[in-house]
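Novice: Only the shape, not the letters, is given here:
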């Protein structure tokens, strides 16, 4: 048996999470005393996965798969798992991966654990640590089925270099019909998304109005960050829903989260808990966010943010 | 159109999360339960189909008798009837198998659910249900229109959205965008009175087998105190982020 990892591509390129999930799969395979096989679809450069321990890469090249389809992709992963006699399939937690995962689990009659944050704490029984209660806690889940599917939470394991001499095998699975047709895809290109960003700069009601977002965008630019906002801001229509982070919005698992003018309601904190380092800028020293932050500045955003932009530009210029 | 809306019974989003019995169980002491926020978007969209297109709306929950007030709330919002599958919802796969029976027996052709529950966050029941029934399925749904047998669905993707089309039967896992926050409904007195008389059917489970079990819980580790930096000294913040936190 081997461990099967699904490494997702976008426009032929691997997402960062593809390398993370490969790094993770390699370590799990070591724990189980077996090898790792990585499946990828329409990758321009499958050999990049060797760096993260992929001994064997199955590459599917098929123009019919340019557009993601959860049912079709899940079926391909199933075929790969059967071909490689894999009882454990590992995927990341991007929108497409968590879309196809439940279908894959049913296809394989597998137990499925999402939001996994660490290597198995035990392989027999197979036990995983997962985020739960909207990031307010963790649980330890035992998977009791023969076949297992797990989805690794973003930025929870990191990239682990582990260069191997791998090989790439072309794989031509059967394609099934899905009944679901993609009619259009609208995607902003060239802009960092909240899902992929290493740094996220987020604004709250403390910014007083949508006209003041210029400095948030500028700060995000200097950081190379994605912009986000609190729930009231998206409810007021100051910013699009797609920027709302928090318990019922997008979860953020970046390395750095900078919150400007956000007081830190419990639902907001739940959504950003998984970020590694949190910086809070707020006029109110009693804002609950300071209790959850790593670094804080008590001050007026309209004074602090421009200064931060200026100093950060200097820093970037000196450390370029 | 026969719509089934899956309702999860979850702690209010402001709840403090604690565990009992040696951290093996969630401590529900003093916790208020509500309709899962993601399911509320689905329920509100279902009400629109009922009012504008004459659909019937049934709500369902897999749970013990304590979840009935949450189902009554959904009835007060306007669902026609409710079903409670009398089983402990221990695992997503088992819940999906129970719901598959409900869908088959009730002849539903549109199932609306939230993309995940705000307590266990599994994000698996709607997708598993669709796979078990061989219905079309769209996750992270942010828009749904139905005309006759044809559905047009938008889903959120990383950095944008995708528009899809499918025929019924269909299952969607919704979130904000399916309806706007301001469109969510609070039950009024008339709705609450009417809900008391609406049918709430209890069905016995098929006792589907779980594929996972939760052994224990752990709270987030306590955080070190926040380091405060003077507003006139943002250089210090940059230094800390670079040298100490090593994130820039």
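Specialist: Received, thanks. Since this is a predicted model, take the numbers as computed values, not measurements.
Novice: Would you mind measuring from the residue of the stretch 101-250 of chain A found nearest chain B to residue A:129?
Specialist: Nearest residue of the stretch 101-250 of chain A to chain B (Cβ to the nearest Cβ) works out as residue A:102 at 2.8 Å. (Each C-beta comes from the backbone N, C-alpha and C, glycine too.) Distance, residue A:102 to residue A:129, by Cβ to Cβ, to the nearest Å: 21 Å.
Novice: mind listing the helices for the stretch 51-200 of chain A?
Specialist: A:70-83, A:95-107 (DSSP state H, counting those that start in this stretch).
Novice: what's the average pLDDT for the shortest one?
Specialist: Regarding helix A:95-107, the rounded mean pLDDT is 97.
Novice: Which neighbouring elements make contact with that helix?
Specialist: With contacts taken as 3 or more Cβ pairs under 8 Å, 6 or more residues apart in numbering or on different chains; DSSP states H and E, helix A:95-107 sits against helix A:70-83, strand A:86-91, strand A:111-116, strand A:148-152, helix B:92-106, helix B:125-133, strand B:136-147, strand B:150-157.
Novice: and if you look at the longest one?
Specialist: With contacts taken as 3+ Cβ pairs under 8 Å, 6+ apart, helix A:70-83 sits against strand A:2-6, strand A:36-41, strand A:56-60, strand A:86-91, helix A:95-107, strand B:136-147.
Novice: Give me the buried positions along that helix.
Specialist: A:70, A:71, A:72, A:73, A:74, A:75, A:76, A:77, A:78, A:79, A:80, A:81 (16 or more other Cβ atoms under 10 Å in any protein chain shown).
Novice: distance between it and the chain's centre?
Specialist: How far helix A:70-83 lies from its chain's middle: 21 Å, per Cα atoms, centre = their mean, to the nearest Å.
Novice: Please apply the same query to the last one.
Specialist: In this view, helix A:95-107 has its centroid 15 Å away from the chain centroid, taken as Cα atoms, centre = their mean.
Novice: picking that back up, tabulate the helices and strands packed on helix A:95-107 in a markdown table, adding columns for mean pLDDT and distance to residue B:176.
Specialist: A markdown table is the format used below for the helices and strands packed on helix A:95-107 (pLDDT from 0 to 100; distance: least, Cβ to Cβ, whole Å):
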| stretch | mean pLDDT | distance to residue B:176 |
| --- | --- | --- |
| helix A:70-83 | 98 | 21 |
| strand A:86-91 | 98 | 25 |
| strand A:111-116 | 98 | 20 |
| strand A:148-152 | 98 | 22 |
| helix B:92-106 | 98 | 22 |
| helix B:125-133 | 98 | 16 |
| strand B:136-147 | 98 | 7 |
| strand B:150-157 | 97 | 9 |
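Novice: Can you tell me the SS state at residue B:59?
Specialist: Assigned with DSSP: H, G, I helix; E, B strand; the rest coil, residue B:59 falls in the strand class.
Novice: Mind pulling up the pLDDT for residue A:273?
Specialist: Note on residue A:273: pLDDT of 89.
Novice: what sits against it?
Specialist: Applying Cβ atoms under 8 Å, 6 or more residues apart in numbering or on different chains, we find residue A:273 in contact with A:135, A:136, A:292, B:220.
Novice: what's the closest of those residues to residue A:251?
Specialist: Within these, proximity to residue A:251 (Cβ to Cβ) peaks at residue A:135, which comes in at 6.8 Å.
Novice: Is the closest one in contact with residue A:270, as I believe?
Specialist: Yes. When contacts are counted by Cβ atoms under 8 Å, residue A:135 is listed as touching residue A:270 (4.8 Å).
Novice: Between these two, which contacts overlap?
Specialist: residue A:247.
Novice: before we move on, back to that, and the helices of the stretch 51-200 of chain A as TSV, adding distance to residue B:42?
Specialist: Below are these laid out as TSV (distance: least, Cβ to Cβ, whole Å):
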stretch	distance to residue B:42
helix A:70-83	19
helix A:95-107	16
